[in-house]
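1. next one to model:
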Amino acid sequence: MGDTFHGVIAFALLATMLLIGSVLRTRISLLRRSLIPSSIIGGVIGFVLLSLDLIPGFSPQDFTALTFHLFTLSFMSLCLTGSSKDKSLSGGSIVRGGLWLTLMWTLSLGLQGVIGLLVAKGYAAVSGQSLSEWLGAIITHGFTQGPGQALTYGGIWEDKYAIANAAQVGLIYASLGFIVAFCVGIPFARYVIKKGLNANQASKIDSHFISGFYTREEAPSSGRLVSHPANVDNLAYHLALLGVAYLITYIWLSAMQPVVEGWQPLGINVSVLFSFNLFFIHGLFVAVVMRMVIDRLGLDHYVDDETLKRITGSSVDLMVVGTVMCIKFAVLSALLVPILLISLVVTLVTAFFCLLLGKMSGPLGYERGITAFGCCCGSTGTGLLLLRMMDANFSTSVPKELAFFNLAIILVNLHILFVFAPIVPSMGMGGYIAVYGGTALVALCCVPLLLRGRSRSTSTQGMETKQA
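-> Below is the predicted model of the structure:
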């Protein structure tokens with residue numbers, strides 16, 4: 001039985017790092033005041049221990065699969081959760097809000113790549129250092145997409161186009177992206193909460209928020225029992241619902257893969273869209289349909305949304321720990337200065353557009369802006385973690401918008417993600433700027449359309465209120 005423990009112990013290590021992070025957050029004044037989440041503290045500790053080979057028998061790769069599945073589970077449980085009954089916490093149409101998030105991410109994907117390329121080119125010209133412009137361009141796959149995509153595309157660029165160190169530089173950008181997301185995102189979220197600008201006023205900076213734990217007398221209750229313990233435990237029952245959605249998704253993908261194998265309309269390899277790497281996309285669809293069926297059949301009283309939110313929150317915490325631990329931060333000292341310069345410029349531009357467009361999106365604008373910034377510098381999990389600071393129990397409509405966003409960005413950016421990104425070095429600077437810069441420009445041109453839709457929605461709601 002000994003050989004069955006490796007994966008279980010890897011999960012136990014994630015949980016242990018999270019526990020250590022929560023204890024340190026409570027005990028160390030500096031960590032309490034900075035409001036750094038326990039998952040980040042625990043993830044950094046795990047990262048250091050792995051980098052120093054102080055966890056025998058384990059490497060960053062051992063946590064990659066766990067992180068992937070925790071990410072998937074967090075969004076599937078979120079989509080099984082019903083909509084908030086408090087209309088004051090809604091930012092209007094979930095689709096429209098999701099489109100605002102999609103627009104910000106699409107703009108970031110194109111703009112970060114162009115900025116990275118131009119800054120790298122300019123730095124090489126001024127310093128005289130030999131630096132490939134593609135080592136600047138890959139920042140968008142490290143920042144906007146995360147370590148997985150940075151490794152994937154960087155590896156392809158290295159193998160097929162001889163761009164030296166592309167994968168390692170991509171990982172460095174991904175690591176810096178997480179740091180940036182929290183160094184900028186946490187102070188801004190704190191400012192919004194202090195000013196009372198967040199919609200969910202249950203999220204406020206009080207003694208509990210700072211310490212990270214409730215006192216025994218003031219601890220709130222969470223969830224309700226929908227199953228009798230003599231039959232099945234409430235948590236086990238809700239995990240079973242999630243398990244059914246996971247199983248249906250797995251069967252669907254397994255059945256479709258032989259059907260679409262070799263099918264390449266317009267040069268797009270459709271089989272990639274049905275790979276297990278995109279399991280979470282199909283899982284979101286399955287979870288949404290399951291919830292629609294449950295509500296349509298009048299069975300929603302058999303599902304407790306608060307319990308599902310706790311599953312979502314737990315998955316996010318463990319996922320963030322795993323995300324940090326599965327990154328092997330290899331510092332390339334010779335490229336440190338240009339990497340920091342490129343990261344700084346990209347961070348400033350990304351923060352400006354995310355916060356500006358978030359504010360323009362209407363109600364819940366602060367929540368959308370900071371969530372989008374987290375997604376565009378770290379990962380979707382980073383965005384969720386920053387959102388949870390301003391929306392502690394995921395009561396606003398932004399988490400659902402984020403679920404829609406994860407589907408929309410794939411469709412909107414299909415041409416980059418599946419056609420151009422793998423062949424970037426063969427495009428030349430002109431072709432690259434045309435594709436990536438053009439995508440960012442189209443995203444900007446869509447802003448007036450969303451603003452017009454927002455105005456119509458506001459007018460319609462106003463008329464309905466007057467009639468009522």
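
2. C-alpha from now on. contacts and neighbour counts both.
-> Fine.

3. so after the helix or strand hosting G113, what's the next helix or strand?
-> Per DSSP states H and E: G113 is located in helix 94-127. Using DSSP H and E, the helix or strand that follows helix 94-127 in sequence is helix 134-137.

4. around V232, count how many other residues there are.
-> For V232, the count of nearby residues is 11 (other CA atoms under 10 Å).

5. can you check C354 too?
-> 28.

6. mean confidence score for the helix holding G113?
-> Averaged across helix 94-127, pLDDT comes to 94.

7. packing partners of it?
-> The contact analysis (3 or more CA pairs under 8 Å, 6 or more residues apart in numbering; DSSP states H and E) places helix 94-127 against helix 134-137, helix 139-140, helix 336-360, helix 365-377, helix 398-412, helix 438-445, helix 447-467.

8. now the angle between helix 398-412 and the following helix or strand past the fourth one, please.
-> Put plainly, it is helix 365-377. Under the assignment DSSP H and E, the closest C-terminal helix or strand after helix 365-377 is helix 380-390. Put simply, helix 380-390 runs at 160 degrees to helix 398-412, going by axes from the mean of the first three to the mean of the last three CA atoms, to 10 degrees.

9. show me how far helix 380-390 is from its chain's centre.
-> What separates the centre of helix 380-390 from the centre of its chain is 8 Å, taken as CA atoms, centre = their mean, to the nearest Å.

10. what about the nearest residue to Y214 once chain neighbours are set aside, which helix or strand?
-> In this structure, Y214 finds its nearest non-sequential neighbour in H208, 5.4 Å apart by CA to CA, 6 or more residues apart in numbering. Applying DSSP H and E as the criterion places H208 in helix 207-211.

11. what's the mean pLDDT across that helix?
-> For helix 207-211, mean pLDDT rounds to 74.

12. counting by contacts, list what it packs against.
-> If you count contacts as 3+ CA pairs under 8 Å, 6+ apart, helix 207-211 packs onto helix 29-34.

13. what helix or strand is T307 located in?
-> helix 305-325.

14. quick check: phi and psi on I138?
-> phi -70, psi -10 (degrees, to the nearest 10).

15. correct me if wrong: it contacts L171.
-> No. Contact criterion CA atoms under 8 Å: I138 and L171 do not qualify, at 9.6 Å.

16. what touches both of these two?
-> A150 (CA atoms under 8 Å, 6 or more residues apart in numbering).

17. pLDDT-wise, which helix or strand of this structure ranks last?
-> Each helix and strand of the chain was given a mean pLDDT (mean pLDDT, DSSP states H and E); the minimum falls on helix 447-467 at a mean of 61.

18. need the contact list for the residue nearest to A351 when sequence neighbours are not counted.
-> In this structure, A351 finds its nearest non-sequential neighbour in F373, 6.2 Å apart by CA to CA, 6+ apart. When contacts are counted by CA under 8 Å, 6+ apart, F373 touches 181, 185, 350-351, 354-355, 383.

19. which of those has the most neighbours?
-> Using other CA under 10 Å as the neighbour criterion, C354 leads those with 28 neighbours.

20. quick check, pLDDT for that residue.
-> According to the model, C354 carries a pLDDT of 95.

21. what do you get for I423?
-> 87.

22. that one and W157 touch, don't they?
-> Yes. Counting by CA under 8 Å, W157 is a contact partner of I423 at 7.5 Å.

23. neighbour count: those two, which is higher?
-> Set side by side, I423 and W157 show more neighbours around W157, with 25 against 16, by other CA under 10 Å.

24. wait, the more buried one sits on S426?
-> No. W157 lies out of contact with S426 (CA under 8 Å); the separation is 9.4 Å.

25. relative to helix 380-390, how tilted is the helix holding T307?
-> 130 degrees.

26. contacts only, for G21.
-> Contact partners of G21, counting by CA under 8 Å, 6+ apart, are 38-43, 45.

27. so what's the gap between the host helix or strand of it and the chain middle?
-> Assigned by DSSP H and E, G21 falls within helix 5-27. In this view, helix 5-27 has its centroid 21 Å away from the chain centroid, taken as CA atoms, centre = their mean.
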